[in-house]
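# with the input below, show me the fold.
(one chain, ligands or ions: 1)
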Amino acid sequence: MIVRIRSNLITSQLKITIAASASFFILIVVLSTAVKATVSEDIGIPAHSWSHTGPFGRFNKAALRRGFHVFRNVCSTCHGIQRVAYRNLTYLGYSEDEIKSIASEVKVLYNKDGGAGLYERPGLPSDKFTSPFPNEQAARDANGGSLPPDLSLITKARPNGLDYVRAILLGYEPTPSKFHLMSGLNYNAYFPGHQIAMPQPLYGDDVTFEDGTATSLEQEAEDVVTFLAWTAMPEMEERKRMGIITMIFLVIFTLLMYACKRAIWKDLE
Ligand code: HEC
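Numbers count the residues shown, from 1 in each chain. Have a look, this model is predicted:
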């Protein structure tokens, strides 16, 4: 009698655990979708579907290479991605020699003897993609007083960052007649306040893609944002892989525990 009650107790505990885990999972999915929807609605950012998001999403290497191409030829004139070193480009499929040659195209300023003097040398694979300006003042002077931020983490630093950065790149529009635009700024439909110091960086014919993909403003924007998603979370695929392995382990573990329970209580029930 006592045995039966205990056995039932364990079975119902197991059921409760499974039900609780399932509800928790569903709650997380619903909440994350709801939060995303509210953020997009509040600031009117058009939502875009990204191939690398979702629990099984992976970075599309071709898109990353195209995005890097856009970054290197356009954005890097003003922005750095300090968290990325040239040698990290191996992930995008570049060979050691290609990386050496990409790095050597930039001039790195360095301080040789602890004095005030700065010397120039060609970049090395171990160097980071630093800001193209020698210091903040120079960066501001070249941009009408505004500072182009480092873009390594920008897609994580802004709410709904992927859609937001894409929207900024696509959001240059003629200034509405009633809008008072301050001199030196540009009208952008999606930048908070609608006045941005960055001049329109992409027009749709800024680069030629090595893989033959046709260029367009949308294509360039999507690819460069995918690249900036990678710079912000280069470990994303590894994290998702670990998540999936953990889920598989938990399922197997639950089944094993259930089988154990059945075996142990078999004779007693
Ligand atoms: C001519 C210089 C220049 C170029 C080229 C340029 N930017 Fe900018 N960018 C700026 C400046 C200046 C700001 C600061 C804007 C402000 O604060 O009003 C900025 C800001 C930004 C921001 C931040 C917006 C925010 O929410 O603060 C993003 C994102 C950005 N740029 C992305 C890019 C991308 C992607 C490219 C390449 C396709 C690019 N930029 C090319 C000068 C530039």
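# nearest residue to the residue nearest in space to the middle of the chain other than its sequence neighbours?
By Cα atoms, centre = their mean, the chain has its centre lying nearest to Ala229, at 2.0 Å. Of all residues not flanking Ala229 in the chain, Thr155 sits nearest, at 5.0 Å (Cβ to Cβ, 6 or more residues apart in numbering). C-beta here means a position set from N, CA and C on the backbone, and glycine is covered the same way.
# my read: that neighbour touches Asp163, true?
No: with contact defined as Cβ atoms under 8 Å, Thr155 does not reach Asp163; the gap is 9.5 Å.
# tell me the residues of the stretch 101-250 of the chain that contact the ligand?
143, 146, 148-149, 151, 154, 158, 165, 168-169, 196-199, 201-202, 224 (Cβ under 6 Å from any ligand atom).
# got a list of what the residue nearest to Ala229 touches?
Residues near Thr155 by Cβ atoms under 8 Å, 6 or more residues apart in numbering: Gly161, Leu162, Val165, Val225, Leu228, Ala229, Thr231, Ala232.
# what's near enough to touch the nearest residue to Ala221 once chain neighbours are set aside?
Once flanking residues are discounted, Ala221 sits nearest to Leu169: 4.1 Å by Cβ to Cβ, 6+ apart. Going by Cβ under 8 Å, 6+ apart, Leu169 touches Pro201, Leu202, Leu217, Glu220, Ala221, Val224, Val225.
# assign Leu169 to helix, strand or coil.
Secondary structure, DSSP: H, G, I helix; E, B strand; the rest coil: Leu169 is helix.
# pLDDT value on it, please?
Note for Leu169: predicted pLDDT of 98.
# re earlier: can you flag the buried ones in the residues of the stretch 101-250 of the chain next to the ligand?
With neighbours counted by 16 or more other Cβ atoms under 10 Å, those contain buried members at 143, 148, 151, 154, 158, 165, 168-169, 196-198, 201-202, 224.
# among those residues, which are in strands?
Among these, the residues falling in strands (DSSP state E) are Ile196.
# rewinding a little: with pLDDT added, can I get the contacts of Leu169 in JSON lines?
Shown next, in JSON lines, are the contacts of Leu169 (pLDDT from 0 to 100):
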{"residue": "Pro201", "pLDDT": "98"}
{"residue": "Leu202", "pLDDT": "98"}
{"residue": "Leu217", "pLDDT": "98"}
{"residue": "Glu220", "pLDDT": "98"}
{"residue": "Ala221", "pLDDT": "98"}
{"residue": "Val224", "pLDDT": "98"}
{"residue": "Val225", "pLDDT": "98"}
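# how many neighbours does Gly123 have?
Neighbour count of Gly123, defined by other Cβ atoms under 10 Å: 19.
# for it, give me its contacts.
Tyr86, Ala103, Ser104, Glu105, Val106, Lys107, Val108.
# can we see that at 10 Å?
Ala85, Tyr86, Lys100, Ile102, Ala103, Ser104, Glu105, Val106, Lys107, Val108, Phe129, Thr130 (Cβ atoms under 10 Å, 6 or more residues apart in numbering).
# equivalent analysis for Tyr86, please.
For Tyr86, the contacting residues are 94, 98-106, 123-129, by Cβ under 10 Å, 6+ apart.
# what about 8 Å?
Per Cβ under 8 Å, 6+ apart, neighbours of Tyr86: Ile99, Ile102, Ala103, Gly123, Leu124, Pro125, Ser126, Asp127, Lys128, Phe129.
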